[in-house]
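*Asks:* Turn this into a structure:
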Amino acid sequence: MFSNRISFKFGWNLKLDIMMKIIPQELLLKFDLQLTATGISSELHNSYRKWLRFYLDFCHKYNHVSKNPETLPHYINKLRDKKQSKQQQKQAYDSILIYFNLFGIRPDWLGNQEPVSCVKEETAPYRANKSGHNKEWKQVYTKLSDEIKVRHYSPKTLKAYSTWTRKFQNYVKNKQPELLTVEDVKTFLTYLAVESRVSASSQNQAFNALLFFFRNVLGREFGKVDGVVRAKRKPYIPVVLSRPEVDLIVGKLRYPYDLIVKFLYGCGLRLAECMNLRVNNFNLDAGVLTIHDGKGKKDRTVPLPEVIIPEIRRQFDTVRHIHRRDLEEGIGGAFMFDAFEKKYKNAGQEFPWQWFFPAKDLTWVPETGEYRRAHLHERYVQKAIKTAVNRVQLSKRATAHTFRHSFASHLLQANYDIRTIQELLGHSDIRTTMIYTHTVKSRTIKETKSPLDL
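*Replies:* Numbers count the residues shown, from 1 in each chain. So this is what the prediction gives:
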């Protein structure tokens, strides 16, 4: 059974006390204006703000004067010690030069150089092509984004479809969008299978992305796509951990990652579903957890493991503490979804809408001029799980999704009905759930008997 840890709450409160200082809003607004005036792409503003926050926190922690140019080399050395890449160090360096520029400070070593000496970084999807039709392709990506948002598809879908469209654009060598044909798609999909050797699922995703692109962005019917070399789909059997292996990994995790894994395994959640949990998803009296807008925008309910109810209550206390502190500091509240915030303007500041696993750091929103709190980012969970798995030295390759596979397999092993498992997992098709029949030992009785004789 899972062991209950009493000390994790203190650890989280300690983190709250050492949380980095918030950049004053007036300074941040001036910094944003300076970023724009310097020509920094708006998509990079968050990164530059992050380096400024780290710099101010560095100065506070080590008693340096933030407006003293001699502090900057020490800061960059600290980043180097932290194994930050040269590109990250350069971006941090430029960020602090822009900060100095706000106060008319120009370090002696700059000479006649511009405050930002690095080449401007371009992050738009059309950056790889500079030979003539960027304007047309820029409009394409804008419309692609609009069409996906209108249909309320997930941000991950937008990212995936934009990526495949960009790869297709590169493959056709920046050909004008109105001149694209289905034949271009055929050769591209064949190229993916033959030369790039992508998996069957990746090729199918590319096909779906380009189908959406042609129909909804270019406004043309796709037609038949025959004669394409398809990537071979291999039979996939998911990795499943034993119960002792799950306990070993949980034992190597610190708060809040141990509790997150207990939800992944104990409730069969996807990682994104777990990160998007809010306080109002829980019904502790009924012992039920409601998942809203899961994969495919489907809702479902799953039973809460009784063994972690005390930890859930303690997590509620932690969230209350963070929420109370945010309200006292004038934070705008938790991020909300779609048009809900426009209809209920103060919902983000209400306790039931707070994230169950809130991010430690706040996020600056330039459009509203305020800080908001997001949920814990998935990559931190993935990194923590990978570290724990390596420490345990398992012979299996385990990820966050492996715990969901283990949840389904262990229920099947305990003779739970396959359709019940399908509902708990939120699968639309029973064939998706049937894959777990390959992860447990077969108990089929070969000898035929009449039901009257059983």
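*Asks:* Do a quick rundown of the strands in the stretch 251-400 of the chain.
*Replies:* Under the criterion DSSP state E, counting those that start in this stretch, the stretch 251-400 of the chain contains strands at 282-283, 288-291, 300-303, 363-365, 370-372.
*Asks:* Could you pull up the contacting residues of the closest residue to P256 other than its chain neighbours?
*Replies:* Distances taken as Cβ to Cβ, 6 or more residues apart in numbering put F357 closest to P256, at 5.8 Å, once the chain neighbours are dropped. Where C-beta positions appear, they are placed from N, C-alpha and C, glycine not excepted. Taking Cβ atoms under 8 Å, 6 or more residues apart in numbering, we find F357 in contact with P256, I260, C274, M275, L277, H375, L376.
*Asks:* could you dump those to TSV with pLDDT?
*Replies:* Listed next are the contacts of F357 as TSV, based on pLDDT from 0 to 100:
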residue	pLDDT
P256	95
I260	97
C274	96
M275	95
L277	96
H375	93
L376	93
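*Asks:* Considering those residues, which is situated nearest to L180?
*Replies:* Proximity of these to L180 (Cβ to Cβ) peaks at M275, which lies at 37.1 Å.
*Asks:* how's the protein carved up into domains?
*Replies:* Domain assignment for the chain, taken from automatic domain parsing, gives 22-110, 134-217, 236-442.
*Asks:* can these go into a markdown table with extra columns for distance to G223?
*Replies:* Rendered in a markdown table, the data for the domains of the chain read as follows (distance: least, Cβ to Cβ, whole Å):
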| stretch | distance to G223 |
| --- | --- |
| domain 22-110 | 35 |
| domain 134-217 | 5 |
| domain 236-442 | 27 |
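*Asks:* Checking my notes, V225 in a helix, right?
*Replies:* No - per DSSP: H, G, I helix; E, B strand; the rest coil, V225 lies outside any helix segment and is coil.
*Asks:* Name the secondary structure element that contains the nearest residue to it once chain neighbours are set aside.
*Replies:* Counting by Cβ to Cβ, 6+ apart, V225 lies nearest to K186, which is 5.9 Å off, once chain neighbours are set aside. Following DSSP states H and E, one finds K186 within helix 182-194.
*Asks:* Give me the helices and strands touching that helix, please.
*Replies:* The helices and strands touching helix 182-194, judged by 3 or more Cβ pairs under 8 Å, 6 or more residues apart in numbering; DSSP states H and E, are helix 155-171, helix 200-212.
*Asks:* from the chain's centre, how far out does the shortest one sit?
*Replies:* I take that to be helix 200-212. Chain-centre distance of helix 200-212: 21 Å, with Cα atoms, centre = their mean, to the nearest Å.
*Asks:* Show me which residues of it are buried.
*Replies:* S202, Q203, Q205, A206, F207, A209, L210, F212 (16 or more other Cβ atoms under 10 Å).
*Asks:* ok so, going back, next, format the helices and strands packed on helix 182-194 as TSV and append distance to L33 and mean pLDDT.
*Replies:* As requested, these are exported to TSV (distance: least, Cβ to Cβ, whole Å; pLDDT from 0 to 100):
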stretch	distance to L33	mean pLDDT
helix 155-171	27	90
helix 200-212	37	88
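*Asks:* Under the pLDDT cut-off, which ranges of this protein? List them.
*Replies:* Within the chain, the segments meeting pLDDT under 70 span 1-21, 108-133, 227-234, 338, 442-454.
*Asks:* and L289, what is it in contact with?
*Replies:* Shown in contact with L289 (Cβ under 8 Å, 6+ apart): C267, L277, N281, F282, N283, T301, V302, P303, L304.
*Asks:* Kindly state the beta-bridge partners for it.
*Replies:* Per DSSP bridges, residues listed as beta-bridge partners of L289: F282, V302.
*Asks:* Could you check how far it is from T301?
*Replies:* Relative to T301, L289 is positioned 7 Å away (Cβ to Cβ, to the nearest Å).
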